[in-house]
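Visitor: my questions are about this predicted structure, shown below with the sequence.
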Amino acid sequence: MTELEKMQRAKMYIDKLANGINPIDDTPASDTDIINNVRLSRCLFYVSDILRQVIENNGVIAKSKTTKQPFSLPAEKITQFSFSPTPIPVSEIAKRINDLADLETCYKLKYSEITSWLIEIGALEEKVMPDGAKKKRPTVQGEELGILTEQRVGYNGNYTVVLYNREAQQFILDNIEVIVNYSDSKKKAAVENKGQAWTPEEEECLVDLFNKNVPVSEIAATLKRSRGGIRARLKKLGFIDSSGDVE
């Protein structure tokens, strides 16, 4: 007999007991029998319904959904971070940090949240490459913190990768809470303004920042809008085409 069949058999017995039936010989129990007690009968019906849900789920107990909290990392976990003696990408730093967190109860820390904060404090900047693509590069301040670039050769030729040395890794780790709070405040601001009508003053500021080549991420933070909302408004105003490119 399989586990599922055992559950089905158990539910059958419980159902009979809950209805005042002797499950052995199917005879009605007397009114004075304990199984006819109202409170006991309600408990049996409750257990029967739980078994029904498990049976309908092929015998698997469904896990209750829990609302995840913003990323957090206890101080004792931070001390367990595995530093790399050689420079590594920010994506690897984020991975090592997430490996220490309880991702059952909180969301992952995205590496883009780290780079967004580094742009905010002036350690990174977005530069327009000859092919029109925007790439993040360390500023003088970023280089002093230990952020560097390295030329590599890939399948499609040479490319540049941004790396973080031991000191830069430590700097990010020391500011985890600041990074999370910054990211959380940006998300809340974007939600607050989502769907809100644009004022003439906001549009004027948007156009001014765009003409100064301020990155979309920074414009979004300034105007407390999502990046998608900024691009949509620029498109409506005729500054970018349908593909998101500057006209």
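Guide: That came in fine, so what should we check first? If you're wondering where the values come from, they're calculated on a predicted model, not measured in any experiment.
Visitor: make it CA atoms for all contacts and neighbour counts henceforth
Guide: Fine.
Visitor: what sits against F210?
Guide: If a contact means Cα atoms under 8 Å, 6 or more residues apart in numbering, then F210 has 216, 219 as its contacts.
Visitor: chain center to the helix or strand containing it, what's the gap?
Guide: Here F210 sits within helix 200-211, counting by DSSP states H and E. Averaged C-alpha coordinates place helix 200-211 at 31 Å from its chain's average position (Cα atoms, centre = their mean, to the nearest Å).
Visitor: tell me the mean pLDDT over it?
Guide: Per-region confidence: helix 200-211 scores 87 on mean pLDDT.
Visitor: same check on stretch 91-101?
Guide: Per-residue scores along stretch 91-101 average to 95.
Visitor: would you map the helices across the chain?
Guide: For the chain, applying DSSP state H gives helices covering 3-18, 38-56, 75-78, 90-98, 111-120, 140-145, 166-174, 176-193, 200-211, 216-223, 227-236.
Visitor: ok, back up a step: just the CA trace of the helix holding F210, in CSV.
Guide: Presented in CSV, the C-alpha positions along helix 200-211 are these (Å, rounded to 0.1, in the frame of the first residue of the first chain):
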residue,chain,number,x,y,z
PRO,A,200,5.3,70.5,-16.2
GLU,A,201,8.1,71.0,-13.7
GLU,A,202,8.9,67.3,-13.7
GLU,A,203,9.0,67.2,-17.4
GLU,A,204,11.3,70.2,-17.6
CYS,A,205,13.6,68.6,-15.1
LEU,A,206,13.5,65.3,-17.0
VAL,A,207,14.5,67.0,-20.3
ASP,A,208,17.2,69.0,-18.6
LEU,A,209,18.8,65.9,-17.0
PHE,A,210,18.5,63.9,-20.2
ASN,A,211,20.1,66.6,-22.3
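Visitor: next, the angle helix 216-223 makes with it.
Guide: Orientation note: helix 200-211 sits at an angle of 150 degrees relative to helix 216-223 (axes from the mean of the first three to the mean of the last three Cα atoms, to 10 degrees).
Visitor: nearest to T105, out of the helices of the chain?
Guide: Relative to T105, the nearest member of these by Cα to Cα is helix 90-98, separated by 12.1 Å.
Visitor: related to what we said a few turns ago, any chance of a markdown table for the helices of the chain, columns distance to Y155?
Guide: Formatted as a markdown table, these follow (distance: least, Cα to Cα, whole Å):
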| stretch | distance to Y155 |
| --- | --- |
| helix 3-18 | 53 |
| helix 38-56 | 51 |
| helix 75-78 | 37 |
| helix 90-98 | 21 |
| helix 111-120 | 24 |
| helix 140-145 | 28 |
| helix 166-174 | 28 |
| helix 176-193 | 34 |
| helix 200-211 | 35 |
| helix 216-223 | 30 |
| helix 227-236 | 32 |
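Visitor: so which of those helices gets nearest V128?
Guide: If you check each of those against V128 by Cα to Cα, helix 216-223 wins as the nearest, at 12.5 Å.
Visitor: for that closest one, give the mean pLDDT please.
Guide: Averaging pLDDT along helix 216-223 gives 80.
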